[in-house]
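Asks: Curious how this folds, go ahead:
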Amino acid sequence: MCKIKMEHMSCFELQGSFLSDGFEDYGPDCDSMRVTAFLDIPGQDHLPPLTRLEKYAFSDNIFNRQIIARGLLDIFRDFSNNEEDFLTVMEIVVRLSEDAEPTVRTELMEQIPPVALFLQENRSSFPLVFSEYLIPIVVRYLTDPNNQVRKSSQEVLLILLEQDLIFQHDIENKVCPILLALSAPDSDDEYKAEAVNIICRLASVLSKSTVERLLLPRFCELCGDGKLFQVRKVCAANFGDICHAVGREATEKFLIPKFFELCSDSVWGMRKACAECFTAVSYSTSPEARRSKLSPLFIRLISDPCRWVRQAAFQSLGPFISTFANPSRAGLYIRENGTLSAQPLVQDLDSDFTSGSPSAESRGDTPSACSTKPVQIEPDLSMEGTSTETSSLLQVNSSSNGLMENPMEDSVLAGAELTRLSPEASAFSELHDINDLPINSHPGPDSWACPGSPEDVFNNFLYWRIPLPDISKDLELLLSEAGLQEKGCSRPATVRNSCVAGSEIQKVLDSLQEHMMNDPDVQAQVQVLSAALRAAQLDSVNEPEHRPTEGLNEVSLSDPSPASDNQMALLASSSQNELSVARILQSPDPSEPCSGTSDHLETEQRHDPTPLEENKSKLQDIIPQPLLEQYVSMTDPARAQTVDTDIAKHCAYSLPGVALTLGRQNWHCLKDTYATLASDVQWKVRRTLAFSIHELAVILGDQLTAADLVPIFNGFLKDLDEVRIGVLKHLYDFLKLLHEDKRREYLYQLQEFIVTDNSRNWRFRYELAEQLILILELYNPNDVYDYLMHIALKLCADKVSEVRWISFKLVVAILQKFYSNSASALGLNFIHELVIRFRHCSKWVGRQAFAFICQGVVSEECIPVDQFVEHLLPSLLSLASDPVPNVRVLLAKALRQTLLEKAYFRNAGNPHLEVVEETVLALQSDQDPDVSFFATLEPQRRNLMDTTVLEKPN
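Replies: Numbers count the residues shown, from 1 in each chain. All right, here's what the predicted structure looks like:
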């Protein structure tokens with residue numbers, strides 16, 4: 001017991017002697033005191049500073065050693081003048097790094113970054129000190145048995161790497177070897193997980209060749225580590241950074257196979273990490289690999305059984321789709337300044353369609369130039385876009401990798417067994433031996449695929465389906481009988497049309513009934529024939545007199561007569577081998593009298609849209625179709641229950657990027673999705689759309705914006721304040737994209753922004769004033785005077801001073817608008833309104849506002865000088881007798897710092913100069929010290945003094 005007491009006594013004595021050497025004055029309030037100030041104070045031992053440093057660095061008192069480690073930077077500064085002493089200090093630091101106490105080693109490690117900065121600044125004096133002495137300490141601490149020391153060394157190493165304080169050869173020769181050793185298969189699990197994290201961070205600061213040579217093999221090995229899932233999870237979380245570091249070629253050769261393994265890992269956390277970094281990985285791959293390999297892999301993650309994986313995948317779906325962006329196909333380019341530029345796609349649709357040459361839509365990421373063919377070409381396809389019905393371009397993709405299935409394949413083959421409906425009387429044409437020929441062998445501009453495509457050799461519809469009943473002979477017989485029976489109907493030979501009696505069509509329907517139960521294709525035939533039957537019945541009612549049909553048997557599907565304008569098309573249904581329905585695209589001749597049946601069919605189709613038309617509106621070839629289908633399904637309410645309650649918000653957030661990727665010509669694919677999000681019950685979803693609607697308007701152009709975005713924009717204007725603020729913040733950006741007549745419709749609605757759900761939401765009105773300053777350029781002076789001027793005056797009377805001050809700037813901008821557009825009469829009326837409202841206001845705040853407005857008018861030179869001295873200067877000078885000092889202070893600033901600085905008032909011959917100087921002299925002798933101060937203050941010192949006044953209270 002006595003021995004323990006003596007040890008405690010010696011400890012206290014050492015600490016007391018330590019404090020007596022200069023630490024009694026060191027505290028938190030002594031900012032300028034150095035930690036190692038005791039080295040400069042001679043103590044009882046009369047030792048020099050270097051010897052005293054060594055004494056305390058190896059003292060038995062832990063506190064002494066901690067202080068030395070904590071003051072490492074000050075020690076280096078003190079001994080940097082002498083190179084020999086400096087190297088001695090470095091030897092002491094190296095010995096101190098081997099201290100047995102973990103807290104001492106931690107304190108020492110935390111001082112390495114500032115010491116490294118100091119040595120970098122003095123690199124000319126000590127070029128190799130950091131590399132030879134301190135880097136080995138950091139590397140050695142990576143294997144320290146104490147967890148706190150290791151964590152500290154890892155943080156310090158990352159800081160040194162981020163700030164580029166370590167030479168490349170030190171990283172390759174000193175840091176990388178220890179990291180590779182720690183991440184070896186036989187290494188400790190705890191060390192391995194920590195080393196993997198540093199390796200992933202290290203890849204971003206090393207050269208591409210170094211990463212491939214040193215780190216890539218080990219990273220690929222760690223991705224398949226089956227012992228510790230934490231290691232694989234770190235690899236998955238940082239997979240995108242490694243791909244970016246090694247480049248596209250190494251990514252596709254070495255990393256993509258490992259990425260597939262991680263995406264199939266049994267631990268759901270691994271798959272979730274892969275979904276989160278999927279976009280970064282996609283950026284480092286080629287378009288072919290992105291489409292053929294990553295797209296189906298992403299679809300697997302979206303369909304993962306774990307909800308958390310699906311949630312992460314859907315959150316990354318929009319960003320992943322954006323990696324497919326191709327400016328040459330979408331026609332949208334990002335300039336160097338970050339603005340969006342739209343350029344029309346360079347392609348001749350008519351020539352491509354006629355000659356069979358691959359169009360611009362078929363080039364790009366597809367492996368074959370003839371894998372994409374236009375099926376339906378509208379005569380006018382503009383970049384601005386029109387509507388889904390008039391400008392959609394249906395594409396057929398036959399990709400060798402199977403990602404983009406051919407949606408025309410089954411529909412064309414099945415539709416070949418049906419005759420086409422006539423726009424007039426829904427007659428059937430004779431088809432000779434059409435089942436004996438593949439559909440691709442049909443010549444002419446209506447051919448569906450390139451010669452020699454795989455469909456000519458094998459087709460699952462032909463080989464694996466139950467054969468459909470051959471009704472061509474029956475149709476031939478029916479048509480011949482109908483041609484003999486019908487009398488009195490004469491039509492031009494160039495118009496291929498026929499009339500079939502309803503009873504004969506009914507016989508054909510009866511022949512198909514036995515095959516209808518289990519075959520959906522036969523059911524589709526029955527639907528088509530039923531429509532033809534109804535049309536024929538209607539035609540028999542409307543036209544009691546029929547004329548004989550000529551040349552029925554000469555009708556050919558593949559060789560339409562050039563004299564006829566009748567264009568028939570078989571539209572794609574889906575990759576599920578559903579039978580397509582023959583659609584009527586255009587009337588043969590608008591001058592023909594018998595058009596009742598065509599009008600009836602078109603009306604019926606318009607009011608009864610089929611699933612075929614819905615599928616058509618979602619077809620495109622920019623991205624794999626399954627990705628688009630999954631994206632548009634994010635608005636499904638069931639997704640919120642099974643995936644994530646905020647899935648609609650993620651969809652809304654990424655929609656502009658998806659729209660930019662698809663381009664204006666494919667806006668019809670997202671139109672319904674955007675409308676659904678705009679009416680979502682969650683205000684957070686609508687708020688997200690409101691903040692980005694101006695960006696989407698730039699992407700779509702003025703025509704699509706006016707048709708599809710303006711109604712949604714109008715709805716946002718009447719929404720909650722949380723949604724309206726998104727529209728308001730970019731109001732100018734949206735309005736400038738509209739046509740002038742459409743823009744004028746919002747003049748009256750702008751005043752609705754003054755009314756908010758919560759009157760305390762003053763920032764809303766502040767934002768309105770800022771936007772109005774920008775919006776002034778969009779309207780003529782008369783509109784500004786009739787609408788915007790009144791809003792500005794209301795904002796000038798706001799209860800919150802911040803809103804009032806920004807509104808005064810708005811008033812100055814309005815005056816500048818009037819006089820810059822030669823509307824001086826409106827400007828004079830507005831000046832008189834300002835004098836009445838503010839100069840003669842009963843409240844001093846209004847009179848102070850008048851002084852501020854006059855100062856802004858002079859500063860911006862927004863009105864002619866003669867107009868100012870005639871209409872504003874007398875009222876401004878009259879404020880010198882105002883009883884409120886605050887008004888006179890602002891008047892002194894306006895006169896001394898702004899008005900007298902203008903060349904017009906510096907002219908000695910100016911008749912108004914004498915009156916202004918007399919007013920300034922009166923203000924200089926004002927009883928209020930602030931008024932006299934600003935009236936006397938020299939203009940060149942204004943900025944300095946204003947800053948001092950603002951900072952003084954703080």
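Asks: so where is the stretch 451-600 of the chain shaky, pLDDT-wise?
Replies: 451-505, 507-509, 511-529, 531-600 (pLDDT under 70).
Asks: since we're on D786, how many residues are nearby?
Replies: D786 has 14 neighbours, counted by other Cβ atoms under 10 Å. (C-beta placed from N, C-alpha, C; glycine too.)
Asks: That one looks like it's in a helix, true?
Replies: Yes: counting by DSSP: H, G, I helix; E, B strand; the rest coil, D786 is located in a helix.
Asks: any idea how far N780 is from it?
Replies: Distance, D786 to N780, using Cβ to Cβ, to the nearest Å: 10 Å.
Asks: and the host helix or strand of I256, what does it pack onto?
Replies: Following DSSP states H and E, one finds I256 within helix 256-263. Helices and strands touching helix 256-263, by 3 or more Cβ pairs under 8 Å, 6 or more residues apart in numbering; DSSP states H and E, are helix 216-223, helix 229-237, helix 268-276, helix 295-302.
Asks: Okay, buried residues for it please.
Replies: By 16 or more other Cβ atoms under 10 Å, the buried positions in helix 256-263 come out as 256, 258-259, 262-263.
Asks: could you say which helix or strand contains the nearest residue to F79 once chain neighbours are set aside?
Replies: Nearest residue to F79 in three dimensions, chain neighbours excluded: D85, at 4.5 Å (Cβ to Cβ, 6 or more residues apart in numbering). Using DSSP H and E, D85 sits within helix 83-96.
Asks: other SSEs contacting that helix?
Replies: helix 49-57, helix 62-70, helix 72-78, helix 102-110, helix 129.
Asks: check contacts around the residue nearest to A289 when sequence neighbours are not counted.
Replies: Once flanking residues are discounted, A289 sits nearest to E252: 5.3 Å by Cβ to Cβ, 6+ apart. Taking Cβ atoms under 8 Å, 6 or more residues apart in numbering, we find E252 in contact with 285-286, 289.
Asks: Of those, which is the most crowded?
Replies: Tallying neighbours with other Cβ under 10 Å puts T285 at the head of those, with 20 neighbours.
Asks: Quickly note the distance from that residue to V246.
Replies: For T285 relative to V246 (Cβ to Cβ), the value is 12 Å.
Asks: Tell me how far the closest residue to A880 other than its chain neighbours lies from E860.
Replies: Spatial nearest neighbour of A880, excluding adjacent residues (Cβ to Cβ, 6+ apart): T919 at 5.0 Å. Separation of T919 from E860 (Cβ to Cβ): 22 Å.
Asks: what does E84 give?
Replies: Counting by Cβ to Cβ - E84 and E860 are separated by 66 Å.
Asks: between the two, which one's more packed in?
Replies: Neighbour count, other Cβ under 10 Å: between E84 and E860, E860 has more, with 13 against 9.
Asks: quick one: contacts for that one?
Replies: Neighbours of E860 in contact, by Cβ under 8 Å, 6+ apart: 812, 816.
Asks: next one: E110
Replies: 152, 156.
Asks: phi, psi of Y748?
Replies: phi -70, psi -30 (degrees, to the nearest 10).
Asks: what helix or strand does S341 sit in?
Replies: Secondary structure (DSSP H and E) places S341 in strand 340-342.
Asks: in that strand, what counts as buried?
Replies: Buried, per 16+ other Cβ under 10 Å, within strand 340-342: A342.
Asks: repeat for stretch 686-706
Replies: 686-701, 703-706.
Asks: The helices and strands packed on helix 256-263: which one's closest to L628?
Replies: helix 295-302 (10.7 Å; Cβ to Cβ).
Asks: helices or strands next to the closest one in the packing?
Replies: Secondary-structure packing of helix 295-302 (3+ Cβ pairs under 8 Å, 6+ apart): helix 256-263, helix 268-276, helix 307-322, helix 625-632.
Asks: Next, the distance between the ends of stretch 619-626.
Replies: 10 Å (Cα to Cα, to the nearest Å).
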